[in-house]
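J.: Using only what follows, build the 3D model:
(one chain, ligands or ions: 2)
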Amino acid sequence: MPKPSVLKCVLCGKEFEPDRAPYTCDVCGLDGTLDVLYDYQSIKHSVSCSALNQNRERSMWRYRAVLPVVEEASIPDLNVGWTPFYRSGRLARTYGVKEVYVKDDGRNPTGSLKDRASAVGVAKALDLKAQGTGRPVVACASTGNAASSLAGFAAVAGLKSFIFVPEQAPAAKVTQLLVYGATVVLVKGDYADAFDLATAAIDKYGWYNRNCAINPYLVEGKKTCAMEIAEQSDWDVPDRVFISVGDGCCIGGLYKGFRDLKELGLIDRLPKIIGVQAEGAKPIYDAWRLKIEAQGAELVRPCGAHCAPRDPQAQRAESVRPNRKVVFSKAETLADSISVGSPRNWAKALRAVCDTSGDMVAVTDEEILSAIPELARGTGVFGEPAGAAAFAGFRKAASSGLLGKDERIAVVITGNGLKDIANAQKSVGKAVAVKPDLADLERHIEI
Ligand SMILES: *Cc1c(COP(=O)(O)O)cnc(C)c1O
Ligand SMILES: [Zn+2]
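T.: Ligands and ions are numbered 1, 2, ... in the order given. This is a model prediction of the structure:
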């Protein structure tokens, strides 16, 4: 399998040799997340349309030629990816667009898109073990899904895992961790506290780091979601893709997937990527708005290169200089997977929106809750709050006139609704209880 040719800092562009690269850029620090780049010319033939048509692997590993895993034996035995991509005529009619597609990533083995990253993370840890350079212990901090996902993949691979989650993580997710046999640390604090403690422990004990915002290989796993969207659309990509944003790794992965496909000549344009955040945790949304609304300077990508303004009003928007931080804030939303006030991968997130002339949308918790049953009733897909948030964002964009009637829209549902029953229950009424006789039934329900 081809190795990545270079790792490149998103902010300053410094390049590193894959074998000797730090997790993040040594100049930019934690903000300088790295891109994993390949020699695209030399791998073009193995990921051509016809090669993929003949490829019978129905998982994310069908794109193995552009994934950074070296040893065949490192690939975990759990079927990740190639999740359903449903077309909903009903939603398209309701919202006045040409097509609506829903990518159901809650169908992954542990119930979220995070499995795409964990599969690569665990494979990389096994690669290192095979080369005799790694300790067979993996660790991460997570709002919940990355943790349960890592625990599942570590279990399959026979690796020990240490997981740091905020004390408030939903019970289903914590239970998943324990079922898979991870060592679970409930950190008294929020996600930011869990992240800092995990980072300190990983440094001290030399564990393999599965934090997506730190380990550049993990976003490579997430990019396969975009590759599937493109392939499932017969390489005629949708006009816009909506996805929820916490740390910024999923949206960063989506962008990387589309960009790799463009490098490989499989698609000729990138969809506009629309990030959705919760009103109570929207530092990336705020940074984006600031960029658009501020007067007097030119819009510049986080990496320093120029970016086409989104609309005429943005002509004189403020610049985002390299190393300028998104302002970190508190996070308060019931959508736990995107309850992130200090997004670690903000640079990749902003680049995804900026480079594709995309946008950011913020939705309230009420809008997220009401999106859960509407999405389920419209498509059969039951998303957890952070998953349904992307749909809430689409709805909001549609009703504010942002979408054209000829547009084809994809919405990524990042996590399964069964992950967080308590919040799903808030979105619907209670079931009626009746005595086991018809008379009581007729008293209680309309027939
Ligand atoms: C992690 C997660 C997100 C957000 O992904 P980031 O990479 O943190 O931006 C959204 N939805 C679900 C279900 C998740 O698990
Ligand atoms: Zn850098």
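J.: what's residue 404 in contact with, if anything?
T.: The neighbourhood of residue 404, defined by CB atoms under 8 Å, 6 or more residues apart in numbering, consists of 97, 239. In this view, the C-beta of every residue, glycine as well, is placed from N, C-alpha and C.
J.: mind checking the SS state of it?
T.: Under DSSP: H, G, I helix; E, B strand; the rest coil, the three-state class of residue 404 is coil.
J.: Retrieve the pLDDT associated with it.
T.: pLDDT, residue 404: 96.
J.: Could you tell me how many residues sit around the residue lying closest to residue 37 once chain neighbours are set aside?
T.: Nearest non-adjacent residue to residue 37, counting by CB to CB, 6 or more residues apart in numbering: residue 6, 5.1 Å away. Using other CB atoms under 10 Å, residue 6 has 15 other residues around it.
J.: Residue 391 too?
T.: Counted with other CB under 10 Å, the neighbours of residue 391 add up to 30.
J.: What confidence value was assigned to whatever residue of the stretch 101-250 of the chain ends up closest to ligand 2?
T.: When you check the stretch 101-250 of the chain against ligand 2 by CB to the ion, the closest residue turns out to be residue 216, at 12.0 Å. As predicted, residue 216 sits at a pLDDT of 92.
J.: Can you give me every residue that contacts the closest residue to it other than its chain neighbours?
T.: Using CB to CB, 6+ apart and skipping residues adjacent in sequence, the residue nearest residue 216 is residue 34, 3.9 Å away. Neighbouring residues of residue 34 by CB under 8 Å, 6+ apart: 7-10, 16, 21, 23-25, 216.
J.: Which of those sits closest to residue 183?
T.: For the contacts of residue 34, the residue nearest residue 183 by CB to CB is residue 23; the value is 21.7 Å.
J.: what's the neighbour count on the nearest residue to that closest one once chain neighbours are set aside?
T.: What sits nearest to residue 23 in space, not counting adjacent residues and going by CB to CB, 6+ apart, is residue 214, at 4.8 Å. For residue 214, the neighbour count with other CB under 10 Å is 23.
J.: ok, residue 214 touching residue 22?
T.: No - applying CB atoms under 8 Å as the test, residue 214 and residue 22 come out as separate, 9.7 Å apart.
J.: And ligand 1, is stretch 242-252 touching that?
T.: Yes - Stretch 242-252 is in contact with ligand 1 by CB under 6 Å from any ligand atom, via 244-251.
J.: any bit of stretch 23-38 sitting next to ligand 2?
T.: Yes - Stretch 23-38 lies within reach of ligand 2 by CB under 5 Å from the ion, at 25, 27-28, 32.
J.: how far does that stretch stretch from start to finish?
T.: Using CA to CA, to the nearest Å, one end of stretch 23-38 lies 17 Å from the other.
J.: Show me which residues of it are buried.
T.: Applying a neighbour-count criterion of 16 or more other CB atoms under 10 Å, one finds 23-25, 28, 31-38 buried in stretch 23-38.
J.: quick one: it to chain centroid distance?
T.: Averaging C-alpha positions (CA atoms, centre = their mean, to the nearest Å) puts stretch 23-38 18 Å from its chain's average.
J.: that older thread, and which of the residues of stretch 23-38 next to ligand 2 is nearest ligand 1?
T.: residue 32 (17.2 Å; CB to the nearest ligand atom).
J.: That closest one - nearest residue in space that isn't next to it in sequence?
T.: That would be residue 25: by CB to CB, 6+ apart, it lies 2.9 Å from residue 32.
J.: got it, and residue 376?
T.: Per CB to CB, 6+ apart, closest to residue 376 is residue 382, 4.7 Å.
J.: With residue 10 instead?
T.: Closest residue to residue 10 apart from its sequence neighbours, by CB to CB, 6+ apart: residue 347 at 4.6 Å.
J.: Assign a three-state SS to that neighbour, would you?
T.: Per three-state DSSP, residue 347 ends up helix.
J.: Touching, residue 166 and residue 147? I think so.
T.: No - using CB under 8 Å as the test, residue 166 is too far from residue 147 to be in contact (10.1 Å).
J.: Between the two, which is the more surrounded one?
T.: Neighbours per residue, other CB under 10 Å: of residue 166 and residue 147, the larger number sits with residue 147, 33 against 22.
J.: Could you pull up the contacting residues of that one?
T.: 140-141, 163-165, 169, 173, 177, 182, 184.
J.: Write out the residues of the chain neighbouring ligand 1.
T.: Going by CB under 6 Å from any ligand atom, the residues of the chain near ligand 1 are 112, 114, 145, 212, 244-251, 337-338, 340, 384, 386-387, 414-415.
J.: all strands of the stretch 1-150 of the chain, in order?
T.: Along the stretch 1-150 of the chain, counting by DSSP state E, counting those that start in this stretch, strands occupy 6-9, 15-16, 34-37, 85-87, 99-104, 137-141.
J.: Point out where the stretch 151-300 of the chain drops to low pLDDT.
T.: Low-confidence segments of the stretch 151-300 of the chain (pLDDT under 70): 293-300.
J.: what are the ranges of the strands in it?
T.: Using DSSP E, counting those that start in this stretch, strands in the stretch 151-300 of the chain cover 160-166, 183-187, 208-209, 240-244, 272-278.
J.: Can I get those strands in JSON lines including distance to ligand 2?
T.: Listed next are those as JSON lines, based on distance: least, CB to the ion, whole Å:
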{"stretch": "strand 160-166", "distance to ligand 2": "26"}
{"stretch": "strand 183-187", "distance to ligand 2": "29"}
{"stretch": "strand 208-209", "distance to ligand 2": "18"}
{"stretch": "strand 240-244", "distance to ligand 2": "25"}
{"stretch": "strand 272-278", "distance to ligand 2": "23"}
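J.: Deepest-packed of the ones you listed, please.
T.: strand 240-244 (a mean of 30; mean count of other CB atoms under 10 Å).
J.: partners of that one in the sheet?
T.: Strand 240-244 has its sheet partners listed here by DSSP bridges as strand 272-278 (parallel), strand 408-413 (parallel).
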